[in-house]
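Chemist: Sequence and computational prediction follow.
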Amino acid sequence: MQNGHGPDAAIGGAMAQAPGGGAEGSLAQLRQRRLELAEKVAALTWDLGGLTYEMAIRDHYRLDVLALRAAELQKADAELGEVERLLGSAEEGISGQCRSCGAVHSRGAAYCWRCGAGLLSEARPAALGDIPPAVAPAAPAPSPPAPTAPA
């Protein structure tokens, strides 16, 4: 099944390394990726069901195998959900563009889905830019002991 080769690996790698093609190119890539992921999720769901059925008719369940396949399905489904969220945000006009590659991103995204560049800029008021870091006040020097009178 998923061995790191094939169309999914090639497209994922190409998307990560492709130079910026603007928002429309990015949306087209996202739509293409959504179709591929939907097909992958459907195939993985079908395979997991078939595998479970085969184990049931043999009355021999391998939970480790089922868990691995379910984890693979969950990962693909989560990626599909993120791509759909990005597309929904872009189509509603509440997204931005990556400053590095031009890929669209949803509001609140911290990193670009294509190139991994940070999307959040550090928010620091301009007035604070000139102030040096606070220096702790020095502790007062101990006063010498007062002389005592003999009793």
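Modeler: Thanks, I have the structure now.

Chemist: Could you list every helix and strand in contact with the helix ranked longest in the chain?
Modeler: Across the chain, the longest stretch assigned as helix under DSSP state H is helix 22-57. Judged by 3 or more Cβ pairs under 8 Å, 6 or more residues apart in numbering; DSSP states H and E, helix 22-57 is in contact with helix 7-17, helix 63-92, strand 104-106. Any C-beta I mention is one placed from the backbone N, CA and C, and that applies to glycine too.

Chemist: Now it: buried residues?
Modeler: Residues of helix 22-57 classed as buried: 23, 26-27, 29-30, 33-34, 36-37, 40-41, 44, 48 (neighbour count, 16 or more other Cβ atoms under 10 Å).

Chemist: What is the nearest of those residues to Glu79?
Modeler: Proximity to Glu79 was ranked across the buried residues of helix 22-57 by Cβ to Cβ; first place goes to Leu37, at 5.8 Å.

Chemist: For Val83, see how far away the closest one is.
Modeler: 6 Å (Cβ to Cβ, to the nearest Å).
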